[in-house]
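J.: dropping a prediction and its sequence here:
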Amino acid sequence: MKTNAWQQDQEYLTLVGDLLDQPAVQKLANYTQHHHSDRLQHSISVSFDSYKLAKSMHLDYKSVARAGLLHDLFYYDWRTTKFDLGSHAFIHPRVSLRNAEKITPLNDMEKDIILKHMFGATLALPKYRESLLVSLVDDYEAEHEFFGPLRQKVDGWFRKIKVRASI
Ligand SMILES: [Fe+2]
Ligand SMILES: [Fe+2]
């Protein structure tokens, strides 16, 4: 993996380093998430981009960084594994929360961020602005990874998020 911005951000690494060291997190690299990325890369992107935004918006960036990294902590191929209990959009946040609780204590906001990250596809309303932020970044990253490198669009998008979040 080439050196990325998150690898040079000491504060970010301090916040999530213990999680990145966990085999339960590292094994996300074995799962394809979208065409251009594995689930670990996707989780780090969502976590780091959400962290940067949360910081600039004076939100709880620590909870955002940690829960963002754990929001897709599940180990199956969502394109082939189906559940009787509900859709992938409904099930995988619950599976991820259960797996996350096995590796670290979670505060109420972190739990909400993981559980509500499919807001839009599922009805449960985010309790915190931080949860909404991670959900929006996750949506964006899915598209970004699918269509390839479109980083130049990020600045304009960041501005939109700031406007929306300040309402
Ligand atoms: Fe997800
Ligand atoms: Fe995701």
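T.: Received it, and whenever you're ready, just let me know what you need. Ligands and ions are numbered 1, 2, ... in the order given.
J.: who touches the residue nearest to the spatial centre of the chain in this structure?
T.: Centroid-nearest residue in the chain, with CA atoms, centre = their mean: G68, separated by 3.4 Å. Neighbour list for G68: S43, V46, S47, F48, S50, Y51, I113, V134, V137 [criterion: CB atoms under 8 Å, 6 or more residues apart in numbering]. Using the backbone N, CA and C atoms, a C-beta is placed for each residue, glycine as well.
J.: tell me how far N107 lies from ligand 2.
T.: 20 Å (CB to the ion, to the nearest Å).
J.: repeat for H88
T.: For H88 relative to ligand 2 (CB to the ion), the value is 11 Å.
J.: before we move on, what about S63?
T.: From S63 to ligand 2 the distance is 17 Å (CB to the ion).
J.: show me which residues of stretch 46-66 are buried.
T.: 46-55, 57, 59-66 (16 or more other CB atoms under 10 Å).
J.: how about JSON lines for the contacts of G68, with secondary structure and pLDDT added?
T.: As requested, the contacts of G68 are arranged in JSON lines below (DSSP: H, G, I helix; E, B strand; the rest coil; pLDDT from 0 to 100):
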{"residue": "S43", "secondary structure": "helix", "pLDDT": "96"}
{"residue": "V46", "secondary structure": "helix", "pLDDT": "95"}
{"residue": "S47", "secondary structure": "helix", "pLDDT": "97"}
{"residue": "F48", "secondary structure": "helix", "pLDDT": "95"}
{"residue": "S50", "secondary structure": "helix", "pLDDT": "94"}
{"residue": "Y51", "secondary structure": "helix", "pLDDT": "96"}
{"residue": "I113", "secondary structure": "helix", "pLDDT": "98"}
{"residue": "V134", "secondary structure": "helix", "pLDDT": "94"}
{"residue": "V137", "secondary structure": "helix", "pLDDT": "92"}
